[in-house]
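> Give the three-dimensional model of this entry:
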Amino acid sequence: MNRRRNNSIAANPILIGGVTVLVTIVAVFLSYNANHGLPFVPTYKVNVVLPDAAGLIAGNEVRIGGARVGIVRKIDAIARRDGSTGARLELALDDTSNHLPVDSTVKVRPKSSLGLKYVQITRGTAARTIDPDGTLTVPRGTVRPIDIDDFFNMYDEPTRQGSSENLLAYGTGFAGRGGDLNAALGDLDPLVRHLEPAARNLVAARTHFKELFPALGQAAAEVAPVAGVQGELFGDLNTTFRAFADNQQAIEDSIAGGPHALDVATRELPAQAGFEADTTELFRRLRKPFRSLAAASVHLAPAFKAGTPALKISPQLNARLVSTLQAITTFAADPRVLPALQRLTQTAVLADPLVSFVTPAQTTCNYLTLLFRNLGSALSEGDSVGTFLRSDPVIAAQLPNSEAGPSSAPANGPPDDKDTKILDTYLHSNPYPNTAAPGQVHECEAGLDQYDPGHQVIGNEPGNQTVAVEKTKRGDVK
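The predicted structure is shown next:
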C-alpha cells in the first residue's frame, strides 16, 4: 500500500524549530533593549546638562505634563573649565512630542519613595526650538528639589545625639524657672501696649526723626578735625593724674587742711564773705568725692596709661565714624524708613490681642514649661541604641458606636455594668480646652478635666476646673 507524502510546512520539524529560535532571539533582543527604546522607532534626541544627576540612571522615564514621552538613554559626567562638575543626559524622546522650545526647563523629580527618579520637562514658550542632538543647559544656580533621602540624611548619628541632648538641656533649663518665664511673658503685654504710642510718637512729624541722624553726622564731622587735639588733651590728663598718684599723701594733707584755710579766709576777707561761704559749701560737698578719688588714684593711673594708645588712634575711629553716620543719614532719609516704622507700629497693634490671648497659657496654666519638662522626660530613658517611650494599650468594648470600630455617631453608652463587666463607653472629647485666655472661663482645663461617667461630654467640661495646674521645679527632669 502506498503512503501519500505530506508536504505541509507545519509537518517540517526543522522549519518549526528554526522559526521558534528566531522568535526567541527577537524577543530577547527586544527585552534587552527595552530600556534603550524600541528599535526602528524614530526618536528626537536632546542633550541636557545638569549640575547634578541626582540619582538618575539610564532607562529612567522622561515626562512632559505627567505623560511619558521618552527615556534617559545615557548619563555622562563632565568637568568644566572652572573645576566644577556636572552631568550630561542623552534623552531619547518620541518623535511625536514635537521639538522643545529653547526656554524649556528640566527638573529631576522622585517617582516614588524608594528612590526611583524621572526627568520632568516643562515646555517653554519661545518660537525657536532645540535642534536634534542639541543641548539644553540648566543653570548651576537652579535649586534642586529636595528628595526624601535628603530629608532623612539630615538625621545622622551626631544630629540625633545632639537633638536628644538639646531636649534634655531645654527640659533641665526650664525646670524651676516657671516663675521667671511667667514674669517675662507677663511683661510682654505692657511692652506691646506701650510700644504702640511710643512708636507713633517716634514717627510723628513733630519729632523730626529724620533730622536726628543728619545731626549726628554733622556733629561727628565737626569733631573729626580736632581729634588730634583731643588725643593730646587726654595724654596731658594722664600725666597730671599720674603725678597725683605719686603724691597721695600730699593730696590728702591738702584736702584735710582745706577747712582751716577757709575759716581763716572768712575771718580775714570779710568783703568776700559771700563768695567764701559758697566756696566752703562747695568744698564741703566735694570732700568725700576727693577722698574717694585719692583712694582710687592707684587704679585710675593704670587706666589712663592704658587709654593713651587708644586715644592716639581715635582720629582713625572718628574718620570711620563720619562715613558711618553719613550712611545712617542716607538710611534715615530713605523714604522707605518711615513706612517701615509705621508697619512696625501696625505689627505691634496686631500682635497685642495674640499676646494677650496666648500669655495666660503660661503665666496662669504653666503649660509651656510643662511641655518642655515632659519632652525632656520622654527622652530621658534609653539604652545604647536610643531612647524609648512606654505605652499601654486601651481596648474599647465592642459595642454600638464605640471607639473600637466604625460608628454612626459619637459613643453614648451603655453605662458601666459591673455584672457584665462592660466599662463606661461614653465619648469625652475636648479639642480646645480653656486656658484662662480673655473671653474664656478662668480655668486651666487641659490636664484637669475629669471623666464624667454615664454622660457624653463633647467640648468644655461643665463647671470651673480651677487653675491649680502642676508646678514645675528644679529637678523635675531626670
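> Not counting its own residues, what contacts the strand ranked longest in the chain?
For the chain, the strand with the greatest residue count under DSSP state E is strand 67-79. By C-beta atoms under 8 Å, 6 or more residues apart in numbering, the residues outside strand 67-79 that reach it are 35-37, 43-45, 49, 53, 56-63, 85-94, 97, 119, 121. For the C-beta atoms, the positions are set from N, CA and C on the backbone; glycine is no exception.
> Mind checking which of these are in helices?
Using DSSP state H, no member of the contacts of strand 67-79 falls in helices.
> what about burial for those residues, which qualify?
37, 43-45, 49, 53, 56, 60-63, 86-94, 97, 119, 121 (16 or more other C-beta atoms under 10 Å).
> Show the pLDDT at L338.
Note on L338: pLDDT of 88.
> What residues does it make contact with?
203, 209-210.
> can you redo these as CSV with secondary structure and neighbour count?
Output for those, formatted as CSV (DSSP: H, G, I helix; E, B strand; the rest coil; neighbours: other C-beta atoms under 10 Å):
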residue, secondary structure, neighbour count
V203, helix, 17
F209, helix, 16
K210, helix, 16
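> Specify which member of the residues you listed is nearest to F372.
V203 (38.2 Å; C-beta to C-beta).
> excluding its backbone neighbours, what's nearest that closest one?
L341 (4.7 Å; C-beta to C-beta, 6 or more residues apart in numbering).
> My read is that A127 contacts H99, right?
No: using C-beta atoms under 8 Å, A127 is not in contact with H99, being 11.1 Å away.
> which one of these two has more residues nearby?
H99 (17 against 8; other C-beta atoms under 10 Å).
> Confirm the more buried one sits in a strand?
No: counting by DSSP: H, G, I helix; E, B strand; the rest coil, H99 falls outside a strand, being coil.
> hang on, it packs against R128?
No: the pair H99 / R128 is not scored as a contact, 9.5 Å apart, by C-beta under 8 Å.
> okay, the helix or strand harbouring S356 in PDB with CA atoms only?
Here S356 sits within helix 337-358, counting by DSSP states H and E. C-alpha atoms of helix 337-358 as PDB (Å, rounded to 0.1, in the frame of the first residue of the first chain):
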ATOM      1  CA  VAL A 337      12.200 104.000  56.600                       C
ATOM      2  CA  LEU A 338       9.100 105.800  57.900                       C
ATOM      3  CA  PRO A 339       6.700 103.400  56.200                       C
ATOM      4  CA  ALA A 340       8.700 100.500  57.700                       C
ATOM      5  CA  LEU A 341       8.300 102.100  61.200                       C
ATOM      6  CA  GLN A 342       4.600 102.600  60.600                       C
ATOM      7  CA  ARG A 343       4.300  98.900  59.700                       C
ATOM      8  CA  LEU A 344       6.200  98.000  62.800                       C
ATOM      9  CA  THR A 345       3.600 100.000  64.700                       C
ATOM     10  CA  GLN A 346       0.800  98.100  62.900                       C
ATOM     11  CA  THR A 347       2.600  94.900  63.800                       C
ATOM     12  CA  ALA A 348       2.600  95.800  67.500                       C
ATOM     13  CA  VAL A 349      -1.100  96.600  67.300                       C
ATOM     14  CA  LEU A 350      -1.900  93.300  65.600                       C
ATOM     15  CA  ALA A 351       0.300  91.300  68.000                       C
ATOM     16  CA  ASP A 352      -1.400  92.800  71.100                       C
ATOM     17  CA  PRO A 353      -4.500  90.600  71.000                       C
ATOM     18  CA  LEU A 354      -2.500  87.500  70.200                       C
ATOM     19  CA  VAL A 355      -0.100  88.000  73.100                       C
ATOM     20  CA  SER A 356      -3.000  88.800  75.400                       C
ATOM     21  CA  PHE A 357      -4.700  85.500  74.400                       C
ATOM     22  CA  VAL A 358      -1.600  83.300  74.500                       C
END
